[in-house]
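Visitor: Predicted coordinates and the sequence they were generated for:
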Amino acid sequence: MHITDIIRGNSPTFSFEFFPPKTPKAAETVYQTIRDLELYMPHFVSVTYGAGGSTRDLTHDLVERIQHTTKLEPIPHLTCVCHKEDEIEEILLRYAKSAIGNILALGGDRPAGIAYDKSRDSFQHAIDLVKFIRRFNESGAHPDRRGFGIGVAGFAEGHPATPNRVVEMDYFKTKVDAGADYIVTQLFFDNRDFLDFRERCALNEIHIPIIAGIMPITSISGLKRIAELAGGALFPAKLLRALQHCQNDPEMVRRVGIQYALEQCRDLLDNNVAGIHFYTLNRSDATRVIVDRLGIPRRQNAQTASV
Ligand SMILES: Cc1cc2nc3c(=O)[nH]c(=O)nc-3n(C[C@H](O)[C@H](O)[C@H](O)COP(=O)(O)OP(=O)(O)OC[C@H]3O[C@@H](n4cnc5c(N)ncnc54)[C@H](O)[C@@H]3O)c2cc1C
């Protein structure tokens, strides 16, 4: 279903993100997580895209498996990194054939551990991918006459590669105007950053829905991993103080992290957020606690997954 139809009448949406499993054991974990979370009937789920090779096929496989064996609405991520135009076209054709409704169009993380020359990519920035998908949409190859709905990434705290925040907003505005239908933000821990970003978007005449990315911290090692992966992420003193008090008690750390994310979600909902997107890290436990406490009902009788 096209994202504008998903969001219309359903705001605030809630959604979950998964990454493709690399081993049979990891596959079992993610399938169980999907089964657990399908009970909440999220408005969509998204599947991340790796930097190269076989992991990319795993994204396609997981997206199609979700599409064909569950009632969930999968949104694949697609990136510019290490791709030529004809490869992207082939992927879009495959997704169109499977009636995938939407794509999250991204610049993409640099591949780790291999030599990488960005200038050889057909698309230098996410905006080029957005434009390409728009052109693809006009070809009529998608079963929805509007083609794919298109999402883009937003960075409430700013993207580290463009420290000039005025220039960054100009790039961002151009990307959105190229044809994005919605924005999903990078994780953040201070809602003021999100609310300020949303206000700055409005000042720049960006009026598409902005969905907030939330990741509950469940361990000290998890926090360190987030700091590494989401480069530049800010950890407010309030969060660090709460974690410091219980850093030697893993269960307490988990509870504090979940409570913090829950308070973030409540505050965002009070501030009319368009949607909340949970970075699940392929585990359902922390996300389930939060959505339960937010009062999002489980549909025990829903015809659910057989992934
Ligand atoms: C919700 C979300 C999901 C993500 N999922 C994935 C995933 O599945 N796989 C993955 O590899 N990565 C993923 N990422 C990470 C993301 O790909 C990287 O953070 C990437 O560096 C930025 O992506 P972007 O789409 O914003 O890129 P872009 O819009 O291309 O921006 C990247 C940088 O380039 C700058 N820029 C834009 N246009 C220009 C221009 N014309 N000239 C010069 N500079 C310019 C921007 O200001 C920014 O600093 C995700 C991020 C988010 C927020």
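Guide: Ah, there it is. Numbering: from 1, shown residues only.
Visitor: Which other helices and strands does whatever helix or strand residue 16 lives in contact?
Guide: Residue 16 is located in strand 13-18, with elements delineated by DSSP states H and E. Here strand 13-18 touches helix 24-38, strand 44-47, strand 275-279, going by 3 or more CB pairs under 8 Å, 6 or more residues apart in numbering; DSSP states H and E. In this view, the C-beta of every residue, glycine as well, is placed from N, C-alpha and C.
Visitor: Check these for me: which has the lowest mean pLDDT.
Guide: Of all the helices and strands packed on strand 13-18, helix 24-38 carries the lowest average pLDDT, namely a mean of 95.
Visitor: on that earlier part again, run the angle between the strand holding residue 16 and helix 24-38 for me.
Guide: Interaxial angle of strand 13-18 relative to helix 24-38 (axes from the mean of the first three to the mean of the last three CA atoms, to 10 degrees): 170 degrees.
Visitor: quick one: average pLDDT of strand 13-18?
Guide: 97.
Visitor: Then stretch 210-228?
Guide: 96.
Visitor: next one: it to chain centre, how far?
Guide: Averaging C-alpha positions (CA atoms, centre = their mean, to the nearest Å) puts stretch 210-228 13 Å from its chain's average.
Visitor: Just the buried positions in it, please.
Guide: Of all the residues in stretch 210-228, those buried under the rule 16 or more other CB atoms under 10 Å are 210-218, 220, 222-223, 226.
Visitor: which one of those residues is nearest residue 23?
Guide: Of all the buried residues of stretch 210-228, residue 23 sits closest to residue 222, with 20.0 Å by CB to CB.
Visitor: can you tell me the helix or strand for that closest one?
Guide: If you go by DSSP H and E, residue 222 is part of helix 220-229.
Visitor: Residue 189 too?
Guide: Counting by DSSP H and E, no helix or strand carries residue 189.
Visitor: so what's the closest residue to the ligand within the stretch 201-307 of the chain up against?
Guide: The stretch 201-307 of the chain approaches the ligand most closely through residue 213 (5.4 Å), counting by CB to the nearest ligand atom. Contact analysis of residue 213 by CB atoms under 8 Å, 6 or more residues apart in numbering lists 184-188, 277, 279.
Visitor: Turn these into TSV, including distance to residue 22 and neighbour count.
Guide: Formatted as TSV, the contacts of residue 213 follow (distance: CB to CB, whole Å; neighbours: other CB atoms under 10 Å):
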residue	distance to residue 22	neighbour count
184	23	23
185	26	20
186	23	22
187	22	20
188	28	22
277	23	25
279	18	20
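Visitor: Mind putting those residues into JSON lines with distance to residue 256?
Guide: Putting those into JSON lines (distance: CB to CB, whole Å) gives the following:
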{"residue": "184", "distance to residue 256": "26"}
{"residue": "185", "distance to residue 256": "23"}
{"residue": "186", "distance to residue 256": "22"}
{"residue": "187", "distance to residue 256": "17"}
{"residue": "188", "distance to residue 256": "18"}
{"residue": "277", "distance to residue 256": "22"}
{"residue": "279", "distance to residue 256": "18"}
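Visitor: I am finished for the moment; much appreciated.
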